[in-house]
Every structure is written in C-alpha cells, then in structure tokens.
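Peer 1: this is a predicted model, with the sequence first.
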Amino acid sequence: MSAPGNLRAAEDTRSNWETPAELYAQLDSIFLFTLDAAADETNTKCSRYLSGPCKGDSCNTCGLHQTYWGDTVWCNPPYGREISDWVEKFAAESAHSTIVALLPANTDTKWFSRVWWTASEIWFLTRRVQFVGTTSSNPGGSMVAIYRPRPEGLSTGPVVRLWDWQK
C-alpha cells in the first residue's frame, strides 16, 4: 500500500536533510571521516561518498549495499522506513570500520534496541539539530551512535553521554 501523496512528499523531504556544517565539523575533528555513507553530490560531507537509499539501478553506489572496510564513516541516513536497515548495516560493518551515525533519539522503537546492543557509544544531543534544507524545526531529539570494531560476542551495552554540541 502506497502512502498518500502528501505523506510521500514529506518522506521524500525528510530523507535528504543535510547535517549542519557546525555539527559535522565538530565530529570530523574527533573522528577524521574518510567516507560519507548516505549522501549525494549536493550534501556530501566527505570527498568520498555513497548514496542512500538505492534508487533504481543505483545499488552499486548505495551505502546500504557497499562495504566500508577500513573507513571511518560518517552517516546521516534517511530517517524514513529504511532506518532499521541502516542500523543493521552499521552493526555488520562495525566489525572492520568505525561508523558515526546521526540518528533520531527514538528510544521507543524496535531499531533502537539494536543500536543499544551494537553501538560502542551513544551521545544524546542536548539541543535539537536544525537540519539544512528544512522549512520547519526538528520535532525531536537526536543522538550520535558510534560503532567501533570490538571483540566477538561483547554486548555489554554502549557508553552513554549527553553532548552539548552547541557550546
């Protein structure tokens, strides 16, 4: 069943919200990103990027279908229905890459429990992110999920902190 026209338009709009430069710059100064895993030529934060999600025949450049082997990855994935697919991808790729993902702080969702058990760290942002390209304010909070390679079977839950990124 497809979504009504106005809902579909809202989903399309929210799937390509760009990360504010100030937030990205702070994270990049810590992690030194080498790959943006869900971008296009207009909103990429790194010189190397993958698209996301796939559209038509673009899966050969889609961040959901490519490996991040050895990269330090930045990802502000689309916040639509595919977010759980991205969370699964981060968990799988964290065996051999560091991944930093900007996600909605929706602790009441099924996909959040997967973040909890697979991310190394979760930084809850104390102020809302105003995404570039939106005409309305962000209705909810955000978090940064950090995935790092760690020993097989280690699932003690992440280190959690509050981060005031606009100090």
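Peer 2: Done, it's in.
Peer 1: just the helices in the chain please.
Peer 2: Counting by DSSP state H, the chain has helices at residues 5-14, 21-31, 83-93, 110-118.
Peer 1: which elements pack onto the second one?
Peer 2: Which is helix 21-31. When contacts are defined as 3 or more Cβ pairs under 8 Å, 6 or more residues apart in numbering; DSSP states H and E, helix 21-31 sits against strand 72-75, strand 98-104. (Each C-beta comes from the backbone N, C-alpha and C, glycine too.)
Peer 1: for those strands, give me TSV that also has mean pLDDT, mean neighbour count and distance to residue 148.
Peer 2: Shown next, in TSV, are these (pLDDT from 0 to 100; neighbours: other Cβ atoms under 10 Å; distance: least, Cβ to Cβ, whole Å):
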stretch	mean pLDDT	mean neighbour count	distance to residue 148
strand 72-75	96	24	10
strand 98-104	97	23	5
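Peer 1: could I get those as a markdown table with distance to residue 128?
Peer 2: As requested, the helices and strands packed on helix 21-31 are arranged in a markdown table below (distance: least, Cβ to Cβ, whole Å):
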| stretch | distance to residue 128 |
| --- | --- |
| strand 72-75 | 19 |
| strand 98-104 | 11 |
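Peer 1: burial of residue 18, as a residue count?
Peer 2: Residue 18 has 17 neighbours, counted by other Cβ atoms under 10 Å.
Peer 1: no no, residue 17
Peer 2: Burial of residue 17 is recorded as 19 neighbouring residues (other Cβ under 10 Å).
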